[in-house]
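# the following block contains a protein sequence and its predicted model.
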Amino acid sequence: MARPEKMLSARTVATAKEPGRYADGGGLYLSVSTGGAKSWVFMWKAGGKRTEIGLGSLTKVSLASARERAALAREAVGDGRDPRAILKPAGAVPTFGEEADTLIASMAANWRNAKHKAQWEMTLREYAKSLRSLPVNQVTTEHVLAVLKPLWTSRHETASRLRGRIEAVLAASTAKGHRSGPNPAQWRHHIDKLLPKRGKLQKGHYAAMAFGEVPALIVKLRAAESVAAAALEFTILTAARSGEVLGARWSEVDLRSKIWTVPAGRMKAGKEHRVPLSHRAVDILTAMQRVRTERNEHVFPGRRAERGLSVTALEMALRRLKVENATVHGFRSSFRDWVGEATDFQRDVAEMALAHRVGDEVERAYRRGDALKKRRIMMDSWAEFLGSAWRGSMPELQSEASGED
């Protein structure tokens, strides 16, 4: 069924103030930024991927003109052509979204794995949504601050990386001659004067839950009965990084030997890492096998075919449980604190479990093993501690991911 068109009235266009996008139908949207600027955006799907192009600001393009341009774009899409060739005259200033996509494509070959590309795409698509339809030469400091402020205190690491990525997009655009003047996302002597600095005790660390509180969280995760919750519990059980879990493939898992081998290309240190699997970790993988499909080799699948859970899936699982005092990465600290304060396991064994480098270069040169047997005993003990508050039977997982892709 064709989507309705001409849903917006001239009055709505003139009076809309709430930031967001207002659909006119047929892929045409009025975009209102946090600062109140209004512009037109046309969106379509190509190869299963959503793409968008700015049609100009409301001050230069009327509702009627925007509809005419959207109609031309729909015709091009229907014919299998790229509407950008029609809507963007030669030499026109690209939008921030177009420049961001172009930069990501140009950098992809230099990244070690697909995780980096996915992180850039997600942050510049979701968190910088209000910038995407703006002509790149119209992005101001106020626009950048409107994006960063909501994240700056609650998710500082994410906000800091996002700022750097916005700066990179704008710097590339300046190099191409699409904009001039200072970079509005520049940190030193600019943004650093406009946003609060982090407390010294917080700097460089992720918020972590006290290890004594984690078993109660495990109870909630098991009751959630979702793929994202199972993936988060598996992350905590294995003390792994979120990217390692989200990118896990069945070819890496040996259930008979109870070992998960993460290839070097997906490890931060660039070295293969063997993870001993506790009984509970094996139970989770066994449950995931029941929702496994031929088209998706991800251990923790997303809703879309051949895709795993999104890079935000685990953080969203925490948010759904109203956990505000912890981050996914922080559970590695919870594990490390448990080892140091509640057990007699050796420090080096714990560091190996976290895939940290142990000792100096000489010591590492002579160290051939990875203490797998010792780590297995430790991870079994960690799993027993995590399950200490659980008193129910194992719930069945839903066959579909919990809203994440």
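Arrived safely.

# tell me where the protein has strands.
Assigned by DSSP state E, the chain shows strands spanning 20-25, 28-32, 38-46, 49-57, 253-254, 259-262, 273-276.

# can you redo those as CSV with mean pLDDT, mean neighbour count and distance to Ser65?
No exception for glycine: its C-beta is placed from N, CA and C like everyone else's. What follows is the strands of the chain, written out as CSV (pLDDT from 0 to 100; neighbours: other CB atoms under 10 Å; distance: least, CB to CB, whole Å):
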stretch, mean pLDDT, mean neighbour count, distance to Ser65
strand 20-25, 89, 16, 12
strand 28-32, 89, 23, 11
strand 38-46, 86, 19, 9
strand 49-57, 80, 19, 8
strand 253-254, 95, 16, 56
strand 259-262, 94, 19, 53
strand 273-276, 94, 22, 56
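
# for Leu103, find the nearest of those strands.
Counting by CB to CB, Leu103 lies closest to strand 49-57 out of the strands of the chain; the figure is 15.5 Å.

# isn't Tyr41 right next to Ser57, touching?
No Tyr there; residue 41 is Val. No. With contact defined as CB atoms under 8 Å, Val41 does not count as touching Ser57 (10.9 Å).

# rewinding a little: distance to Arg161 added to the strands of the chain, as TSV?
As requested, the strands of the chain are exported to TSV (distance: least, CB to CB, whole Å):
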stretch	distance to Arg161
strand 20-25	24
strand 28-32	24
strand 38-46	25
strand 49-57	23
strand 253-254	30
strand 259-262	23
strand 273-276	24
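
# closest to Glu324 out of those strands?
strand 20-25 (24.9 Å).

# tell me what that closest one is packed against?
Here strand 20-25 is seen to pack against strand 28-32, helix 63-78 when contacts are counted using 3 or more CB pairs under 8 Å, 6 or more residues apart in numbering; DSSP states H and E.

# relative orientation of that strand and strand 38-46 in degrees?
Interaxial angle of strand 20-25 relative to strand 38-46 (axes from the mean of the first three to the mean of the last three CA atoms, to 10 degrees): 60 degrees.

# just how off-centre is stretch 223-235 within its chain?
17 Å (CA atoms, centre = their mean, to the nearest Å).

# going by neighbour count, which residues in that stretch are buried?
Ala224, Ser226, Val227, Ala228, Ala229, Ala230, Ala231, Leu232, Glu233, Phe234, Thr235 (16 or more other CB atoms under 10 Å).

# one more: stretch 374-381?
So, applying 16+ other CB under 10 Å, buried residues of stretch 374-381: Lys374, Arg375, Arg376, Met378, Met379, Asp380, Ser381.

# same question for stretch 6-19.
Leu8, Val13, Ala16.

# repeat for stretch 70-90
Ala70, Ala73, Arg74, Ala76, Val77, Pro83, Arg84, Leu87, Lys88.

# run through the chain and note the low-pLDDT ranges.
Where the chain drops to pLDDT under 70, the residues are 1-5, 34-35, 88-91, 111-115, 198-206, 358-369, 391-405.

# show me how it divides into domains.
With domains defined by automatic domain parsing, the chain comprises 1-92, 94-204, 211-389.

# export the helices and strands packed on strand 20-25 to a markdown table and append columns for distance to Gly243.
As requested, the helices and strands packed on strand 20-25 are exported to a markdown table (distance: least, CB to CB, whole Å):
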| stretch | distance to Gly243 |
| --- | --- |
| strand 28-32 | 32 |
| helix 63-78 | 34 |
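
# which residue would you name as the spatial centre of the chain?
The centre of the chain sits closest to Val311, judged by CA atoms, centre = their mean, with a distance of 3.3 Å.

# hang on, Leu237 packs against His279?
No. Using CB under 8 Å, Leu237 is not in contact with His279; the gap is 9.9 Å.

# the more surrounded of those two?
Leu237 (26 against 12; other CB atoms under 10 Å).

# how about that one, what does it touch?
Ser278, Arg280, Ala281, Ile284, Met379, Trp382, Ala383, Leu386 (CB atoms under 8 Å, 6 or more residues apart in numbering).

# now stretch 348-361 - C-alpha only, PDB.
Extracted in PDB, the C-alpha atoms of stretch 348-361 (Å, rounded to 0.1, in the frame of the first residue of the first chain):
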ATOM      1  CA  ASP A 348      48.200 -12.700  36.700                       C
ATOM      2  CA  VAL A 349      45.400 -15.300  36.100                       C
ATOM      3  CA  ALA A 350      42.800 -12.600  36.500                       C
ATOM      4  CA  GLU A 351      44.600 -10.300  34.100                       C
ATOM      5  CA  MET A 352      44.800 -13.100  31.500                       C
ATOM      6  CA  ALA A 353      41.100 -13.600  31.900                       C
ATOM      7  CA  LEU A 354      40.600  -9.900  31.000                       C
ATOM      8  CA  ALA A 355      43.000 -10.400  28.000                       C
ATOM      9  CA  HIS A 356      45.400  -7.800  29.500                       C
ATOM     10  CA  ARG A 357      49.100  -8.000  28.800                       C
ATOM     11  CA  VAL A 358      51.000  -9.500  31.800                       C
ATOM     12  CA  GLY A 359      54.600  -8.700  32.600                       C
ATOM     13  CA  ASP A 360      57.200  -6.900  30.600                       C
ATOM     14  CA  GLU A 361      58.400  -7.800  27.100                       C
END
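
# thank you kindly, that will do.
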